[in-house]
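Next comes the sequence, and after it the predicted model I'd like to discuss.
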Number of protein chains: 2
Amino acid sequence: MKTLVVIGSTGSIGRQTLEVVKAQECLLVIGISCGHNIELVTQQVDIHRPRFVASLRKDPSLQVCFPRTRFFWGSKGIEELLDAARPDLVMISVPGVAGLRYSLIATEVSGRICLANKETLVCGGRVFLDAVQKNGVELIPVDSEHSAVFQLLEGDVKPREIFITASGGAVRDLKKAELQEITAAQVLKHPVWSMGEKVTIDSATMVNKGLEVIEAHYLFGLPQERILTFMCRNSVIHGGVIYEDGTVKLHAGVPDMKIPISYSLNHPERRPMDTEFDLTSESLLLEDIDEDKYPALSLAREITGHHARQIAYNAADEISVEAFLAGRIRFVRIFGIISSTIQRIDLDAPTSYNEIMEIDRTARIIAEEEVLRCSSL
Amino acid sequence: MKTLVVIGSTGSIGRQTLEVVKAQECLLVIGISCGHNIELVTQQVDIHRPRFVASLRKDPSLQVCFPRTRFFWGSKGIEELLDAARPDLVMISVPGVAGLRYSLIATEVSGRICLANKETLVCGGRVFLDAVQKNGVELIPVDSEHSAVFQLLEGDVKPREIFITASGGAVRDLKKAELQEITAAQVLKHPVWSMGEKVTIDSATMVNKGLEVIEAHYLFGLPQERILTFMCRNSVIHGGVIYEDGTVKLHAGVPDMKIPISYSLNHPERRPMDTEFDLTSESLLLEDIDEDKYPALSLAREITGHHARQIAYNAADEISVEAFLAGRIRFVRIFGIISSTIQRIDLDAPTSYNEIMEIDRTARIIAEEEVLRCSSL
């Protein structure tokens, strides 16, 4: 049985990963990591009995409860866990740029990275891809859209175009003018997917889709203009590929992250999942995305391939979403803050992890200034 | 450059195959065969200058016009051509059970069969598949639906189900009662595809889809209940596969036979085709098929895997469609003739080409009796 470490086991993807593994009995969970959710990680350790656990918050009582598990505490814990566990597969399901650090380490200690952390590709760019290539690691995307495209590609045959879909998030039925006064509570009501707060806000701004275009650029080696984006209101079409001969392949199914999670764990095999999809009752409709309403998507396209600006796009989004959730800025300010931050970043492409993090820090400082400027308006 | 022989070059698929080859300059046409259309075959010989030509109708003036081409005349001509040409690829694009003979010979003289002749699988069954396997020939379906499924399958991963679509033919918007007095001219107006007369009538009865379910059974090794059929009115979704994990892959594109033809010639590569498909303006709608209106489809499912009955289904359909086109029987009689013929056939599965043809002859005699019975009613 192959071994698995789940980085970020108490988040949405992490929890579902553990549920899939438990249901399928396909892998041995030898390590999990969490941030501060001690209650949930205690349950997970109780069920899966992993050999290793990393927790950002130190809680010695856990070691007392589970004497056969080795605990790593604090900010270096995950690195120590990965080095000790050296699993066959690593699921990277933490949000944020921190995921890049773990993904880079995973290229050195594991054979397969199941990647649910967008920042690994958006901020890591070629630095991460070079590490993947150098270490001969398998990289399987977990994002439903990228998993869809990954599953549809045919060996060496380059597609003419690929596409990924967007649900449009909670604001899709509002007019642009109506977005001015929208609250965080409203934006957090996603019409289809149940996800973390950050990605739910990113769905509504389509920053999420912007990040995914950049991800797809690195994953599939295509220029952004060959990565199309469509709206699919019920999220049943996740993505597709279009070949030179006019053939279109679409990937559809119920919007359930357990399916791409299972795929990433079992590829090239597939295991039965308890899902039913009625092809005749579901609408398979694709619509164009209103770029005027979602300017963050066009902005992401403009900077795709400009490594430093990708980092700035991501950092400024993180800062401005936090500020929006904290009630410091209005929803419509998010785009402006990202855009201004990018304009103020004029840096060469980074060539190492340290250079990436330096740009990330600089961008966060600038974005914070922009938040202050907006909130005082 | 690989060599190609097109069996049935003056029919719809044959003509389009030559157009694809000419546009792509991907293959050398070394042989073509026709029935009685001397005018068209003369043009084709003039354009492609094949080394070999087989024509059912003898016309010595052709030999005078093209002294460097070797002509084979009469009913044995195609067999002699295949034996002389021994091409890398053979396109079998003749209609009818005669195609089986050529497909069987092709397994012995060629490396790849591009199969546009349904009877090869419906009547050939295991006898044909055994010849394919014994000779290690590649078998690539040309039917758009089967090409779609072929393109979507993933190596060794068995799908839970596959599906093929039907347009519903010219009668799809008529009520069952309205079919009573429908004329051949009406049934020949296919809403989407431009095809030969026989297959256009077969679309309206859904005998065509019935034959295709049987084909798919042999091509993909699945029981008929795992081969679903849906109506797709604009024929933009051609087929799909459904995996154990709930993943659905759909194959879409403009309904243009040149695309699956090109695929069968170039697989595993794809060559650019001059087609545009607008994903947002086309409706990607699948509907259930009204089995009460199209009983021939259910009947085909009942007999899938019963080799002798498959032969009878096909033979009785051929006889009754001819009779309908000749004005001898009404449209709605076609199903009854096929059904009665099958009921009167009680034979063991054939084990050779000769046994297959013996069953075919018997079925045609019975079907002809049924036609007479109907036309005297």
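Received, thanks.

Would you mind finding the longest strand in chain A?
strand A:27-34 (DSSP state E).

strand partners of it, parallel vs antiparallel please.
strand A:2-7 (parallel), strand A:52-55 (parallel) (DSSP bridges).

Show me what secondary structure element comes after the longest one.
Per DSSP states H and E, the first helix or strand lying C-terminal to strand A:2-7 is helix A:12-24.

how far off strand A:27-34 does that next one point, in degrees?
Counting by axes from the mean of the first three to the mean of the last three Cα atoms, to 10 degrees, helix A:12-24 lies at 160 degrees to strand A:27-34.

State the mean pLDDT of helix A:12-24.
The pLDDT scores in helix A:12-24 average 96.

Which elements pack onto it?
Judged by 3 or more Cβ pairs under 8 Å, 6 or more residues apart in numbering or on different chains; DSSP states H and E, helix A:12-24 is in contact with strand A:2-7, strand A:27-34, helix A:38-48, strand A:89-92, helix A:258-266. For every residue, glycine as well, the C-beta is placed using N, CA and C.

Of those, which stretch is the most buried?
Mean neighbour count (mean count of other Cβ atoms under 10 Å in any protein chain shown) peaks for strand A:89-92 among the helices and strands packed on helix A:12-24, with a mean of 27.

Contacts made by that strand with the rest, please.
A:2-8, A:13-14, A:17, A:27, A:82, A:99, A:102-103, A:106, A:109-117, A:120, A:142, A:261, A:264-265 (Cβ atoms under 8 Å, 6 or more residues apart in numbering or on different chains).

From B:M231, how far out is A:L40?
48 Å (Cβ to Cβ, to the nearest Å).

what bits of the stretch 251-377 of chain A have low per-residue confidence?
Within the stretch 251-377 of chain A, the segments meeting pLDDT under 70 span A:377.

Chain B contacts on that one?
A:251-254, A:256, A:259, A:262-263, A:268-273, A:275-277, A:279-280, A:283-288 (Cβ under 8 Å from any Cβ of the partner chain).

Mark which of these are buried, thanks.
Buried members of these, scored by 16 or more other Cβ atoms under 10 Å in any protein chain shown, are A:251-254, A:256, A:259, A:262-263, A:270-271, A:273, A:277, A:279, A:284-286.

which residues does A:G136 contact?
Applying Cβ under 8 Å, 6+ apart, no residues contact A:G136.

That one and A:D130: what is the separation?
Distance from A:G136 to A:D130, by Cβ to Cβ: 12 Å.

so what sits against both of these two?
With Cβ under 8 Å, 6+ apart, A:G136 and A:D130 have no common neighbours.

All the strands of chain A, in order from the start?
Using DSSP E, strands in chain A cover A:2-7, A:27-34, A:52-55, A:70-73, A:89-92, A:112-115, A:138-141, A:161-166, A:227-231, A:237-242, A:248-252.

Tell me which strands the fifth one pairs with, and in which orientation.
Strand A:89-92 has the following sheet partners, assigned by DSSP bridges: strand A:2-7 (parallel), strand A:112-115 (parallel).

Would you pull up how far stretch A:244-258 lies from the middle of the chain?
How far stretch A:244-258 lies from its chain's middle: 19 Å, per Cα atoms, centre = their mean, to the nearest Å.

contacting residues around A:E138?
So A:E138 contacts A:G111, A:R112, A:I113 (Cβ under 8 Å, 6+ apart).

Closest one of those to B:S352?
A:R112 (50.5 Å; Cβ to Cβ).

who's the closest one bridged to?
With DSSP bridges as the rule, A:R112 is bridged to A:L89, A:E138.

What separation do you get for it and A:M273?
Relative to A:M273, and taking Cβ to Cβ, A:R112 is found at 20 Å.

chain center to the longest helix along chain A: distance?
In chain A, taking DSSP state H as the definition, the longest helix is helix A:353-375. Distance of helix A:353-375 from the chain centroid (Cα atoms, centre = their mean) equals 20 Å.

ditto for stretch A:37-46
On Cα atoms, centre = their mean, the centre of stretch A:37-46 falls 23 Å from that of its chain.

wait, A:F71 sits on A:L56?
No - between A:F71 and A:L56 there is no contact under Cβ atoms under 8 Å: 11.7 Å.

so what sits against both of these two?
In contact with both A:F71 and A:L56: A:G77, using Cβ under 8 Å, 6+ apart.

Now do the same contact list for the closest residue to chain B within the stretch 251-377 of chain A.
At 3.3 Å from chain B, A:T275 is the closest residue in the stretch 251-377 of chain A, using Cβ to the nearest Cβ. By Cβ under 8 Å, 6+ apart, A:T275 lies in contact with A:G253, A:V254, A:D256, A:I259, B:D245, B:G246.

so can I have TSV of those showing distance to B:I365?
Output for these, formatted as TSV (distance: Cβ to Cβ, whole Å):
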residue	distance to B:I365
A:G253	50
A:V254	52
A:D256	56
A:I259	54
B:D245	50
B:G246	49
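
Let's see which of those end up in helices.
A:I259.

Tell me the one of the contacts of A:T275 nearest B:Q186?
Out of the contacts of A:T275, the member with the shortest distance to B:Q186 (by Cβ to Cβ) is A:G253, at 39.8 Å.

Quick check: the closest one vs A:N354, distance?
Taking Cβ to Cβ, one finds A:G253 at 41 Å from A:N354.

and if you look at A:L297?
The value you get for A:L297 to A:N354, if Cβ to Cβ is used, is 30 Å.

So for these two, which sits in the more crowded spot?
A:L297 (22 against 8; other Cβ atoms under 10 Å in any protein chain shown).

surely that one meets A:V213?
Yes - counting by Cβ under 8 Å, A:V213 is a contact partner of A:L297 at 7.3 Å.
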